[in-house]
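Engineer: next comes the sequence, and after it the predicted model I'd like to discuss.
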Amino acid sequence: MHFLENRNFFVKAHQKFNAFLEVLVCILNYQQANKEFKNSDESIGDYHSAGLLQQKFASGPPLKKQDINNWLMDTEHGFLHGVSVAFFAFLFKYQGKFKYFAEDEILIASCLLHDFIRCQNTTHEMHDQKLSQLFSSLDPETYVHKHPNNEFHPLIAGDRIELMRYKGYVDWVDQEILDKYFLSPEIRETAYCFYWFIRPALEKIFQGTNQIWLRHGIEKDHILANANSQGDSVWGKIEDIKEERIFPLRYWAPYPNYWCIETGSLPFGQNITRDIATYSPLPVLSLKNFQKWSDSEIRPFRDHQCVSGKVPLSEWIFLICHNNDLEREDIFPFYENSGGVVSLMIANRLLGISQILTNMLIVLRSCSTENNIVEKSYSEELMESPKGQTIRFKVIEN
């Protein structure tokens with residue numbers, strides 16, 4: 001997809017998805033939610049949502065913690081699939097308007113959990129009907145979503161639009177099925193940008209939840225010019241790489257064919273780069289994915305590290321941190337050929353929401369049967385963006 005021609009649709013897709021996450025925040029922490037998305041006619045005072053999502057999560061027999069973790073980590077049928085279905089269910093139901101309504105807690109809970117059984121190491125036959133044995137009070141359409149009674153139910157619309165998550169969907173999905181859910185050109189373009197750029201990036205992030213990540217910067221001239229500092233005994237040679245769709249394209253480090261990195265873990269922020277303003281946008285990939293393409297030794301260099309290897313651009317994702325990341329046409333080819341593009345704010349916010357919902361399932365359905373220790377929490381990322389991030393996407397006028 002040509003990024004320049006679709007830049008505004010990309011921005012609008014981000015805006016809509018972030019607005020949907022604001023509705024989720026209303027459900028999970030109404031007191032601290034954005035006032036723009038609150039609804040005093042639907043909430044319990046100024047401090048609490050109706051709590052219907054939690055009721056739906058709580059209805060059923062005890063669950064194994066491993067089954068809950070499987071749901072979190074399964075990017076094809078688990079949490080990421082469920083939240084994407086919920087997003088497009090909302091778009092279909094309200095045509096791009098986002099506001100908290102108590103009844104939608106049931107819809108969102110149903111979207112999040114509708115493929116829970118498909119995340120487990122068990123038979124998936126009649127997975128929708130069997131779901132009632134685990135979650136007994138979801139929307140009735142959830143239990144027949146494989147062969148729905150109402151094909152225009154928002155959950156069904158979202159689930160079918162989510163077929164676009166598969167790279168080869170155009171070869172086997174009837175376009176007429178998708179077209180009947182695209183009730184406006186804006187929803188259609190939102191879907192195309194979401195599945196070309198945003199969801200692939202989120203998929204790689206969730207697949208690398210418990211992994212170490214590498215960050216390399218786009219080799220801007222002024223950064224390379226400052227790399228060889230006067231009076232520094234460490235001196236590197238800039239090497240230009242002629243191969244297409246390989247990243248990085250230019251190497252600089254005191255060892256031949258090596259390039260500089262910083263390392264960190266999720267959620268992204270100061271642990272993955274010392275200076276968001278200087279290095280934004282942030283190209284990142286998991287160490288596991290890097291090691292598919294290189295057996296390079298990671299070497300110390302000054303106060304960070306460096307590695308060697310030719311990694312396809314499609315393995316990297318790009319984290320947008322500032323509005324000007326969308327204005328520099330020289331880096332658009334990186335976006336177009338990358339493994340996905342998403343804002344740092346949305347990535348971290350969704351990680352926080354996923355952890356809150358996972359912890360909710362564990363404490364409601366698993367704590368009585370297992371010893372549960374949460375080793376790492378992303379919940380603090382729910383309300384705030386990392387220090388130094390100023391992104392507030394605006395549509396760019398051509």
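Structural biologist: Good, I have the coordinates.
Engineer: CA atoms for contacts and neighbours, from now on please.
Structural biologist: Noted.
Engineer: which residues of the stretch 251-398 of the chain score low on pLDDT?
Structural biologist: Where the stretch 251-398 of the chain drops to pLDDT under 70, the residues are 251-253, 368-398.
Engineer: quick check: domain ranges of this structure?
Structural biologist: 7-192+350-381, 213-264+282-320 (automatic domain parsing).
Engineer: for the chain, which strand is longest?
Structural biologist: If each strand of the chain is counted by residues according to DSSP state E, the longest one is strand 258-264.
Engineer: indicate each strand paired with that one and its parallel or antiparallel sense.
Structural biologist: strand 213-215 (antiparallel), strand 304-308 (antiparallel) (DSSP bridges).
Engineer: any chance of the ones you listed in TSV, plus mean neighbour count and distance to residue 3?
Structural biologist: Putting the strands paired with strand 258-264 into TSV (neighbours: other Cα atoms under 10 Å; distance: least, Cα to Cα, whole Å) gives the following:
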stretch	mean neighbour count	distance to residue 3
strand 213-215	24	22
strand 304-308	19	29
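Engineer: which one, of these, ends up nearest to residue 160?
Structural biologist: strand 213-215 (32.5 Å; Cα to Cα).
Engineer: quick check: residue 128 touching residue 143?
Structural biologist: Yes. Contact criterion Cα atoms under 8 Å: residue 128 and residue 143 qualify, at 4.6 Å.
Engineer: where exactly do the helices run in the stretch 101-250 of the chain?
Structural biologist: Remark: helices assigned in the stretch 101-250 of the chain by DSSP state H, counting those that start in this stretch are 103-113, 127-130, 154-161, 175-179, 185-193, 199-207, 221-227.
Engineer: now, of those, which is deepest in the fold?
Structural biologist: helix 154-161 (a mean of 25; mean count of other Cα atoms under 10 Å).
Engineer: quick one, strands of the protein?
Structural biologist: 213-215, 239-240, 246-247, 250-251, 258-264, 282-286, 299-301, 304-308, 311-312, 317-320, 341-343.
Engineer: tell me if I'm right that residue 314 and residue 339 touch.
Structural biologist: Yes. Between residue 314 and residue 339 there is a contact under Cα under 8 Å: 4.3 Å.
Engineer: looking at these two, which is more packed in?
Structural biologist: Set side by side, residue 314 and residue 339 show more neighbours around residue 339, with 24 against 17, by other Cα atoms under 10 Å.
Engineer: with adjacent residues omitted, what lies nearest to residue 29?
Structural biologist: The spatially closest residue to residue 29, leaving aside those adjacent along the chain, is residue 48, at 7.2 Å (Cα to Cα, 6 or more residues apart in numbering).
Engineer: what's around that neighbour, how many residues?
Structural biologist: The criterion is other Cα under 10 Å. On that basis, residue 48 has 17 neighbouring residues.
Engineer: one step back: overlap in contacts, residue 128 and residue 143.
Structural biologist: Any residue near both residue 128 and residue 143 by Cα atoms under 8 Å, 6 or more residues apart in numbering counts here, and that gives residue 114.
Engineer: and residue 257, how far from residue 25?
Structural biologist: Taking Cα to Cα, to the nearest Å as the measure, residue 257 and residue 25 are separated by 46 Å.
Engineer: if you count what's nearby, which of the two comes out ahead?
Structural biologist: More neighbours surround residue 25 than the other of residue 257 and residue 25, with 23 against 19 (other Cα under 10 Å).
Engineer: any figure for the gap between that one and residue 170?
Structural biologist: When distances are taken as Cα to Cα, residue 25 and residue 170 turn out to be 34 Å apart.
Engineer: and residue 157, which of the strands of the chain is closest to it?
Structural biologist: Between residue 157 and the strands of the chain, the shortest gap by Cα to Cα is with strand 341-343, which sits at 23.7 Å.
Engineer: contacting residues around that closest one?
Structural biologist: Applying Cα under 8 Å, 6+ apart, the external contacts of strand 341-343 come out as 14, 197, 198, 200, 201, 202, 317, 318, 319, 320, 321, 335.
Engineer: repeat that for 6 Å
Structural biologist: Counting by Cα atoms under 6 Å, 6 or more residues apart in numbering, the neighbours of strand 341-343 from elsewhere in the structure are 197, 198, 201, 317, 318, 319, 320.
Engineer: name the nearest of those residues relative to residue 218.
Structural biologist: residue 318 (10.1 Å).
Engineer: who does that closest one bridge with?
Structural biologist: Beta-bridge partners recorded for residue 318 (DSSP bridges): residue 283, residue 341.
Engineer: contacts only, for it.
Structural biologist: Contacts here follow Cα under 6 Å, 6+ apart; on that basis residue 318 touches 282, 283, 341.
Engineer: run through the residues that contact the first one.
Structural biologist: The one in question is residue 282. The neighbourhood of residue 282, defined by Cα under 6 Å, 6+ apart, consists of 318, 319.
Engineer: can you do 8 Å?
Structural biologist: Contacts for residue 282 (Cα under 8 Å, 6+ apart) come out as 215, 216, 217, 218, 276, 318, 319, 320, 321.
Engineer: okay if I get the contacts of strand 341-343 as CSV plus distance to residue 272?
Structural biologist: What follows is these, written out as CSV (distance: Cα to Cα, whole Å):
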residue, distance to residue 272
197, 21
198, 20
201, 16
317, 14
318, 13
319, 11
320, 14
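Engineer: re the thing from before, closest one to residue 75 out of the contacts of residue 318, please.
Structural biologist: Proximity to residue 75 was ranked across the contacts of residue 318 by Cα to Cα; first place goes to residue 341, at 16.7 Å.
Engineer: what is the burial count for that closest one?
Structural biologist: The burial metric for residue 341, expressed as a neighbour count using other Cα under 10 Å, is 28.
Engineer: same question, residue 115
Structural biologist: Other residues near residue 115 come to 24 when the count uses other Cα under 10 Å.
Engineer: and it, how far from residue 126?
Structural biologist: As defined by Cα to Cα, residue 115 lies at a distance of 11 Å from residue 126.
Engineer: same thing with residue 347?
Structural biologist: Going from residue 347 to residue 126 by Cα to Cα gives 33 Å.
Engineer: what of residue 248?
Structural biologist: Distance, residue 248 to residue 126, using Cα to Cα: 47 Å.
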